[in-house]
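Asker: sequence and computational prediction follow.
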Amino acid sequence: MGSEGPSVVTIHVTGFKKFIGVPENPTEKIVSNLKSYIEKRGLPKNLVLGSCTVLEVAGQGALGTLYEVLGSSISDREEGSSVRGHVIWIHFGVSGGLPRFALENQAFNDATFACPDELGWKPQRVPIVPSDGNISRKRETTLPVNELTKMLRKIGHDVMRSDDADRFVCNYVYYHSLRFAEEHGVKSLFVHVPLFSTIDEAVQMHFAASLLEAVASLN
């Protein structure tokens, strides 16, 4: 039998609301506007944009929402959805001092917040998932970060690979997502973006769409 063409890739995305020091989070706008942006731009036939969710900048306090949206993508696939194929999660977070985009290769099992999250939690050297071991434990994405970085650079985006997602809520969410991805046979990636004052909104929207297309092309 001949090939049936590339399998369908469904990508779900999350961003974050405002938090201390960042009164306007660019990822909230990116994720909120992504569906309308790609409707105008168009997507490859094998790529479907799934849910777009904006999370509170909170560790434990945001876990309920995080696992609800993660779980919905799995239940859709298992309940005979007409959309088959790969499920991928892309989480967007902001890093105020970052001059370029950063694809995060890994997350550590370490909750050490430099300041309280939006619900007042400020853990110090606490394992995110105690049953996984100590705070030095790390989980890596199964997506090819180096290859994605090269692809995005080739089309003009200022992007790098990173091996440290910091220890705030971004790392906290990413660690949970990578653990969930391993358990359910899906993939997860965290991406740090700069403030709009560093790279403007139009360029960041183009980057987000380009990232989705690059990820889908590799699956």
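Answerer: Thanks, I have the structure now.
Asker: show me what contacts the residue nearest the centre of the chain?
Answerer: For the chain, the residue nearest the mean C-alpha position is His91 (1.5 Å; C-alpha atoms, centre = their mean). Applying C-beta atoms under 8 Å, 6 or more residues apart in numbering to His91 gives the contacts Val13, Thr14, Gly15, Cys170, Val173, Tyr174, Ser177, Ser188, Leu189, Phe190, Val191. C-betas here are computed from N, CA, C, even on glycine.
Asker: which one of these sits closest to Ala107?
Answerer: Ala107 lies nearest to Tyr174 out of the contacts of His91, by C-beta to C-beta, at 3.9 Å.
Asker: shouldn't Asn33 be in contact with Met205?
Answerer: Yes. Asn33 is within contact range of Met205, at 6.8 Å (criterion: C-beta atoms under 8 Å).
Asker: out of the two, which sits in the more crowded spot?
Answerer: Met205 (19 against 14; other C-beta atoms under 10 Å).
Asker: next step: the contacts of His91 restricted to helices.
Answerer: Cys170, Val173, Tyr174, Ser177 (DSSP state H).
Asker: for PyMOL, what selects the buried ones among the residues you listed?
Answerer: Applied in PyMOL, the following selects the buried portion of the ones in helices among the contacts of His91 according to 16 or more other C-beta atoms under 10 Å:
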select buried, resi 170+173+174+177
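Asker: same list, the ones in helices among the contacts of His91, but as CSV with pLDDT and distance to Glu183 please.
Answerer: Putting the ones in helices among the contacts of His91 into CSV (pLDDT from 0 to 100; distance: C-beta to C-beta, whole Å) gives the following:
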residue, pLDDT, distance to Glu183
Cys170, 96, 21
Val173, 98, 16
Tyr174, 98, 15
Ser177, 98, 11
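Asker: now do the worst-scoring helix or strand of the chain on mean pLDDT: which elements does it pack against?
Answerer: Every helix and strand in the chain was compared by mean pLDDT, DSSP states H and E; the lowest is helix 63-78, with a mean of 83. On a contact count with 3 or more C-beta pairs under 8 Å, 6 or more residues apart in numbering; DSSP states H and E, helix 63-78 meets strand 9-16, strand 47-55, strand 86-94, helix 169-184.
Asker: relative orientation of it and strand 47-55 in degrees?
Answerer: Relative orientation of helix 63-78 and strand 47-55, computed by axes from the mean of the first three to the mean of the last three C-alpha atoms, to 10 degrees: 160 degrees.
Asker: which residues are in contact with helix 63-78?
Answerer: Residues contacting helix 63-78 (C-beta under 8 Å, 6+ apart): 10, 12, 14, 50-51, 53, 55-56, 83-84, 87, 89, 173, 176-177, 180, 184, 186.
Asker: mind pulling up the pLDDT for Gly61?
Answerer: Per-residue pLDDT puts Gly61 at 88.
Asker: just checking, it is part of a strand?
Answerer: No. Judged by DSSP: H, G, I helix; E, B strand; the rest coil, Gly61 forms no part of a strand; its state is helix.
Asker: without its sequence neighbours, what residue ends up closest to Thr149?
Answerer: Arg161 (5.0 Å; C-beta to C-beta, 6 or more residues apart in numbering).
Asker: fine by me, thanks again.
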